[in-house]
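K.L.:
The following comprises the amino acid sequence and a computationally predicted model.
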Amino acid sequence: MDRNAVALIGFVLMFALMAIRVPIGISMGVAGMVGFGMLSGPQAALNLLANVPLSVVTDYNLSVIPMFILMGAFASHSGMSTELFTAGRVWLGHRRGGLALASIAACGSIPFSFATSLKGFSPNAT
C-alpha cells in the first residue's frame, strides 16, 4: 500500500478515536501500530508491540525523571524554592520584567544549590 494512503488512514483513525474520547496517547499508539502493520505486516507490528514498551521502560534516560521530581519535592517542602524566588525578586524585581527574571533566577539557582552539596563542586571544597 502507498505510504501516503497509510498516513492518511492513520490520521483519520487517530482523529476518529479522539472524537470518541479515547485518550490522545492511546489513539496515537493505535494509529501508529495499524499503520506500521499495514506497511510491514501484522507479525512485525506484533513484534514491535512486544519489544518496544520494555525497552522504553528500562531506558536509563527516563529513569532519572522520578529523581528530579523527588528533588523538586524536597526543595518545595524545605522552603528553598520560595527563598530562592524571594531572593531573585529582591535582586531583579525592580527591573522591567522583574517577575520573569526572578523566576529564571530561582530556577537557575536550584541546580547550583544542589550541586554545591556534592564534594568537588563546592567553591570552598579543598
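P.N.:
Nice, thanks for sending it over.
K.L.:
And stretch 83-99, what's buried?
P.N.:
Burial within stretch 83-99, assessed by neighbour count using 16 or more other C-beta atoms under 10 Å, is assigned to Leu84, Phe85, Gly88, Arg89, Leu92, Gly98. Yep, even glycine has a C-beta here, placed from its N, CA and C like the rest.
K.L.:
Let me know the closest of the residues you listed to Val30.
P.N.:
Phe85 (42.6 Å; C-beta to C-beta).
K.L.:
Excluding chain neighbours, what is closest to the closest one?
P.N.:
Ala106 (4.1 Å; C-beta to C-beta, 6 or more residues apart in numbering).
K.L.:
how many neighbours does that neighbour have?
P.N.:
With neighbours defined by other C-beta atoms under 10 Å, the count for Ala106 comes to 21.
K.L.:
Could you double-check that it lies in contact with Met80?
P.N.:
No. Ala106 is beyond contact range of Met80, at 9.6 Å (criterion: C-beta atoms under 8 Å).
K.L.:
Fine by me, thanks again.
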